[in-house]
Structures are given as C-alpha cells and as structure tokens.
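[1] need a structure here:
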Amino acid sequence: MMGTLIHCLECNAIMHMTEWDLLPHYAWDEEEIREVEQDDRKAFLHSHRDHIKEKLTPLTPPISDKPYTEPVKTCYFEATNGTKRFVIKKWRTKIDDPFTYEIIDGSIELTNGTVQAQTEAIKKQLQAEHAPFSTEKKIPFFIQAIHEEVETLDPENLEVSAEGKTPLVSYCQLRSNCVDRILTRCQDNFNQHELNMLRDFINRHNEYDGVMTAVATKKFTIKRRDQQGISPHAVRAALRSVMPLP
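    Coordinates of the predicted model:
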C-alpha cells in the first residue's frame, strides 16, 4: 500500500491521500451521466483545518482473509507516524461507500497454518492429459506419495511461486529433492518408463500456481498492546516528565 494518510488527532479521523482525490465523480442524472467535480482531500483538510494533524506512512501491504477482488471487506496494515508503529483497520460496508479507518494500538502477527497438496487438481490434470496409467489403479499411489512428502514440508522454507486469491494463500514450488523423494516412494508401483513420465508431469506443473505446487495457508491475528500492564507509578513518572503533578 503506497501513499500517505492524514490523521486528525482531535477527531481520530483518517484520510488516505491518493491520486484519485482530485478526480471528478460521475452520477446518473435525468437519463444521462453527469460529471461532478470533487476534491476529497480539500474537503477533509477544510473540515479539520483547526485541528492537530499528523501524517501516517503505511509500512505493510493490507492483509485480509477475503479475496483481493472482494470490494467489501475488512483489512489491516501497519503504519507509523515517525515515532510509533501501530495497526490501521480499513473497511467499508457497501461498494459505493468511502473507506473507514481506525487506529489500533498493536501489531499484526502472521503465523504459518497448513501446507497441502492439490490432490484433486492433480487427478484431473492426469486424466486430462490421458496419462497411460490414468485409468488404472496407480494414481492413488502417486497421490499418496505427494501427500506424504508435502506433509513433511516446513512452511518457513518454502519458495513462493505465486500468490493465491487472498494475501494469506501462496503457491510454493517443490524443490528437486522433494521430487526425488516422491518418485522414490513410487518405485514399487511404477516402472521406469512411468517414473520418467511422472517426473516430466511434476516438472511441467511445478511452476507458478500449477497443480504440483503446494498450497501454503497462513493465519494472522491483531495483537493489542496491554494497556493494563503499566503500573500507576510508571504513569505518574511519565507525566512528571511533561508536567508538574501535585
């Protein structure tokens, strides 16, 4: 997320300044489209002209469990005012509503979730390519070998080859040693010619979001700072540094 946000400290209102702020809006009026001049940035600054404001700089891309293409969703990103880092919540309830922003005193924590093989997609792709063994009972052995290998993968060490539909989903390439182990597991059920075909199949579909890539899913939480963890003594000491106390 690029750009700058303006935060009114007195109203706690936030505006995201973008190149679209000065563009006109369009409305349907008497069976024709009418152009309406608008300056969203000027309107915000005028409304808060006598208030104390600060600039906020986004530090992380927005994160959400909803697809990138979903226009109505809640997402979170971290930002800073130059001295402090915090989370900003961004949402809207209708597609034609402006975004609403809220500052949260905390941080975004990402954790690794699951890593899964695209088993159903692999079966369909094998059948679509009319693999010589696709109609036999050998496919389950190949699928099981992939499943067993993917179960052993460490999410921290995966190489992302493509992003999924949400920021929490990634497609990850299987490394060459993973491919070797999969084929080793298949040796008792496939002849050498079939093993060569399986290797070719894996290599052809092990890029970007191909069916042989593993799907890694992450989770995120918003960790709020514990305001109750500050002792009264610490609060009074901090206040004495900026103002006299009785």
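
[2] okay, CA-based contacts and neighbour counts for the rest of this
    OK.

[3] Excluding chain neighbours, what is closest to V215?
    In space, V215 comes closest to Y171 once its chain neighbours are excluded; the distance is 4.8 Å by C-alpha to C-alpha, 6 or more residues apart in numbering.

[4] Direction included, what does the strand or helix carrying the one you found pair against?
    Per DSSP states H and E, Y171 falls inside strand 169-173. Here strand 169-173 is paired, per DSSP bridges, with strand 159-163 (antiparallel), strand 214-224 (antiparallel).

[5] So for I182, which of the ones you listed sits nearest?
    When the strands paired with strand 169-173 are compared by C-alpha to C-alpha, strand 214-224 sits nearest I182, at 13.2 Å.

[6] Just the residues contacting the closest one, thanks.
    If you take C-alpha atoms under 8 Å, 6 or more residues apart in numbering as the criterion, strand 214-224 is touched by 87, 104-118, 150, 155, 168-174.

[7] For it, the averaged confidence score.
    For strand 214-224, mean pLDDT rounds to 94.

[8] buried residues in that strand?
    Using 16 or more other C-alpha atoms under 10 Å as the burial criterion, the residues of strand 214-224 that qualify are 214-218, 220, 222.

[9] again, but for stretch 196-212
    In stretch 196-212, counting by 16+ other C-alpha under 10 Å, buried: 198, 201-203, 205-212.

[10] from those, which ones fall inside helices?
    Counted as lying in helices by DSSP state H, out of the buried residues of stretch 196-212, are 198, 201-203.

[11] Leaving out sequence neighbours, find the closest residue to the residue nearest the centre of the chain.
    With distances taken as C-alpha atoms, centre = their mean, the residue of the chain nearest its centroid is P167 (1.9 Å). Of all residues not flanking P167 in the chain, I63 sits nearest, at 5.9 Å (C-alpha to C-alpha, 6+ apart).

[12] my read: that neighbour touches K73, true?
    No - applying C-alpha atoms under 8 Å as the test, I63 and K73 come out as separate, 10.5 Å apart.

[13] Among these two, which residue is more densely surrounded?
    Between I63 and K73, I63 has the larger neighbour count (other C-alpha atoms under 10 Å), namely 21 against 18.

[14] Please report phi then psi for D188.
    Main-chain dihedrals, D188, degrees, to the nearest 10: phi -80, psi -10.

[15] Poorly predicted segments of this structure, please.
    Within the chain, the stretches falling below the threshold (pLDDT under 70) are 1-2, 18-31, 34-40, 133-135, 226-246.

[16] For the nearest residue to G164 once chain neighbours are set aside, grab the count of nearby residues.
    The shortest distance from G164 to any non-neighbouring residue, by C-alpha to C-alpha, 6+ apart, is to S170 (5.0 Å). Around S170 there are 24 other residues, counting by other C-alpha under 10 Å.
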